[in-house]
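Participant: Here's my sequence, what's the structure:
(one chain, ligands or ions: 1)
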Amino acid sequence: MLKAIFGFSSNTDFYNPVGKPVHDLLSTKEKIKGRVLPLLGQVSLFALSVGMSAMGASLEEAALSVGILGGLAAYMRHSQLSNYKKKLDNENLYDLSTPQDAARFHEKYPEHKGLPAQLHLIAAEAGLDKPPLLHVGENTDYAAILDLDFGKKKNLLIEINPKILKEESPALVAHLLAHEMGHGRLGHTNSLPAVVSGTAIGAHISAGVQMAVSGNYLGGIFYTVAALTAHKMAGAKSQQYKERECDRHALLVSGVGREAADFFEKGTTQLEKGAPLPLRIAFGAIDTYQSLMAAHPSHEKRTQYFRDFTDANHAYLEKTRIKNGLVPSKPHRFKMV
Ligand SMILES: [Zn+2]
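Facilitator: The predicted structure is shown next:
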């Protein structure tokens with residue numbers, strides 16, 4: 001029962017979303033588990049904390065303190081993005097819509113000479129006004145997207161780790177870019193949810209403090225820890241479904257499935273790959289933790305999805321990747337006669 005509510009949905013009813021509109025990349029069940037339930041959970045918990053903060057204080061005082069906490073959360077988000085902007089060094093920052101930057105990129109990464117053109121094609125396909133800026137840096141392990149204007153979608157930037165450009169194929173890079181642009185297109189880069197979440201965290205702490213002030217120290221600590229854990233769990237669940245949505249977006253827009261499956265399989269831990277049964281049971285808790293708290297679905301689930309999607313939609317993927325200027329995934333073999 002708990003697993004039915006909290007577990008991550010299986011992919012099986014969604015192996016063939018080709019032809020689905022992009023805003024509809026989750027099944028109804030996934031939307032309920034990934035959006036409705038986490039939101040309901042977080043909102044009711046927030047209301048409970050505000051109510052508890054208001055006990056012993058007037059409603060105005062409680063509203064004021066939550067307001068202050070919200071302002072603080074907005075300020076923190078703002079300074080987080082400003083700090084990130086300071087880390088961008090011009091040498092590794094590329095606006096690939098300009099010929100100068102495209103030439104600079106060619107020179108530094110000759111093995112990815114097709115990337116500027118692919119970035120344009122994928123951005124157009126993803127419905128973005130202009131291709132995101134590209135920054136090659138180590139602020140992320142693989143790739144990540146940020147909205148430098150706090151949610152207006154006008155100034156998107158993709159950060160990509162230099163290791164990815166050095167070690168991976170142009171096809172895999174195109175897949176990662178399409179995944180990140182999915183986050184941009186679907187509004188996942190907006191700052192508002194982070195601010196709302198910060199406010200809720202403030203309200204949970206404030207409720208705990210209110211209990212402690214009225215003499216119940218242990219209860220206050222327990223409540224705050226439990227509320228923060230539940231809040232984080234709900235947030236992680238909705239993040240996992242956003243990742244799934246963007247994985248599907250990446251397949252549809254880049255046409256790259258096989259390389260993505262190989263890439264995520266490399267990142268699969270020994271445990272996920274099928275360790276001996278006793279080990280799997282012993283580490284069952286880690287599995288559960290992963291499915292409850294991680295921001296991404298497990299590598300194993302993502303690998304499996306990319307494989308199954310590739311098998312189910314081979315012709316579509318080939319057509320799309322060729323349109324994006326990528327080599328076909330399986331070159332034609334000519335029979336020697
Ligand atoms: Zn993602």
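Participant: drop to CA atoms for contacts and neighbour counts, all remaining ones
Facilitator: Noted.
Participant: Correct me if wrong: I160 contacts L146.
Facilitator: No - contact criterion Cα atoms under 8 Å: I160 and L146 do not qualify, at 11.4 Å.
Participant: From the chain's centroid, how far away is stretch 128-146?
Facilitator: Computed by Cα atoms, centre = their mean, to the nearest Å, the chain-centroid distance of stretch 128-146 equals 13 Å.
Participant: Buried residues of it, list them for me.
Facilitator: 128, 131-137, 142-146 (16 or more other Cα atoms under 10 Å).
Participant: Check stretch 65-73 too.
Facilitator: Buried, per 16+ other Cα under 10 Å, within stretch 65-73: S65, V66, L69, G70, G71, L72, A73.
Participant: show me where the stretch 151-300 of the chain has helices.
Facilitator: 162-167, 170-185, 192-213, 217-254, 258-266, 270-274, 277-282, 284-293, 299-312 (DSSP state H, counting those that start in this stretch).
Participant: pLDDT weak spots in the stretch 51-200 of the chain?
Facilitator: Low-confidence segments of the stretch 51-200 of the chain (pLDDT under 70): 56-58, 150-152.
Participant: between the helices of the stretch 151-300 of the chain, which one is nearest to T28?
Facilitator: For the helices of the stretch 151-300 of the chain, proximity to T28 was assessed by Cα to Cα; helix 217-254 is nearest, at 12.0 Å.
Participant: what helices or strands is that closest one leaning on?
Facilitator: helix 37-54, helix 115-125, helix 170-185, helix 192-213, helix 284-293, helix 314-323 (3 or more Cα pairs under 8 Å, 6 or more residues apart in numbering; DSSP states H and E).
Participant: among those helices, which is the most enclosed?
Facilitator: helix 170-185 (a mean of 26; mean count of other Cα atoms under 10 Å).
Participant: Now the residue positioned nearest the centre of the chain: closest residue in space, sequence neighbours ignored.
Facilitator: Among the residues of the chain, E243 comes closest to the average C-alpha position under Cα atoms, centre = their mean, at 4.4 Å. Distances taken as Cα to Cα, 6 or more residues apart in numbering place H296 nearest to E243, at 6.3 Å, with adjacent residues excluded.
Participant: The one you found: what's it in contact with?
Facilitator: Contact partners of H296, counting by Cα atoms under 8 Å, 6 or more residues apart in numbering, are A236, Q239, Q240, E243.
Participant: I'd like the distance between the second one and R35.
Facilitator: This points to Q239. Distance, Q239 to R35, by Cα to Cα, to the nearest Å: 9 Å.
Participant: more neighbours, the two?
Facilitator: Legend: neighbour count by other Cα atoms under 10 Å for Q239 and R35, higher for Q239 (21 against 18).
Participant: ok, the nearest residue to that one once chain neighbours are set aside - how many residues close by?
Facilitator: Nearest-residue entry for Q239: A295, 5.5 Å, with adjacent residues in sequence omitted and distances by Cα to Cα, 6+ apart. Close neighbours of A295, defined as other Cα under 10 Å, add up to 19.
Participant: Can you read off the pLDDT for A295?
Facilitator: According to the prediction, A295 has pLDDT 73.
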